[in-house]
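Student: Prediction below, plus the sequence it came from.
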Amino acid sequence: MDTYTETPHLNYFYYDAVTILVLLLWRNFIAQAIPTPFYYLIIGLSFNACLFLGMHYDIVIQGTLYYWWFWTVYTFGMYFSDFTMALVLIINKDILGLIKLKRALFNRGELHAMAKK
């Protein structure tokens, strides 16, 4: 039995996990400021990996053969995250405000300033 054809979603999960690991290792060896697309790649690939794992669980482990709402979330979630990652790589802008959110969550002063607005 060929694992690749039996569990394609699990293989895609592994590919995303390895890509995330390579990006994080690359980040540890580069002593520069973290570029905007890096955050989007890590979050987008993590989101995709979770969707792949969910689809693997749903189809292979649970044996679901009928269409239900998670498959719609999977389809639109994959397209949205892939498009967003590609767009941010091209334009190099924080289009969803993820970096602003990260700063607000990890910097108490900015969090209080945002709450006062």
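Tutor: Sure thing, it's come through.

Student: Show me where the chain has its helices.
Tutor: Secondary structure of the chain by DSSP state H: the helices cover 3-6, 8-29, 36-56, 69-91, 98-106, 108-116.

Student: just so I know, which of the ones you listed lies nearest Gly63?
Tutor: helix 36-56 (11.7 Å; Cβ to Cβ). (C-beta placed from N, C-alpha, C; glycine too.)

Student: how far off helix 98-106 does that closest one point, in degrees?
Tutor: 90 degrees (axes from the mean of the first three to the mean of the last three Cα atoms, to 10 degrees).

Student: per-residue pLDDT, Leu87?
Tutor: pLDDT, Leu87: 95.

Student: can I get the helices of the chain in CSV with mean neighbour count?
Tutor: Shown next, in CSV, are the helices of the chain (neighbours: other Cβ atoms under 10 Å):
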stretch, mean neighbour count
helix 3-6, 9
helix 8-29, 14
helix 36-56, 19
helix 69-91, 14
helix 98-106, 13
helix 108-116, 10
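
Student: looking at those helices, which has the lowest confidence?
Tutor: The lowest average pLDDT among these, as it happens, falls on helix 3-6, at a mean of 56.

Student: Run through the residues that contact the most centrally placed residue in the chain.
Tutor: The chain has Gly44 as the residue nearest its centroid, 2.3 Å off, counting by Cα atoms, centre = their mean. Contacts of Gly44 were listed using Cβ atoms under 8 Å, 6 or more residues apart in numbering, and they are 81-82, 84-85.

Student: Turn these into JSON lines, columns for distance to Ala104.
Tutor: What follows is these, written out as JSON lines (distance: Cβ to Cβ, whole Å):
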{"residue": "Ser81", "distance to Ala104": "22"}
{"residue": "Asp82", "distance to Ala104": "26"}
{"residue": "Thr84", "distance to Ala104": "20"}
{"residue": "Met85", "distance to Ala104": "22"}
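
Student: Of those residues, which pair is most distant in space?
Tutor: Longest span within the contacts of Gly44, Cβ to Cβ: Asp82 and Thr84, 7.3 Å.
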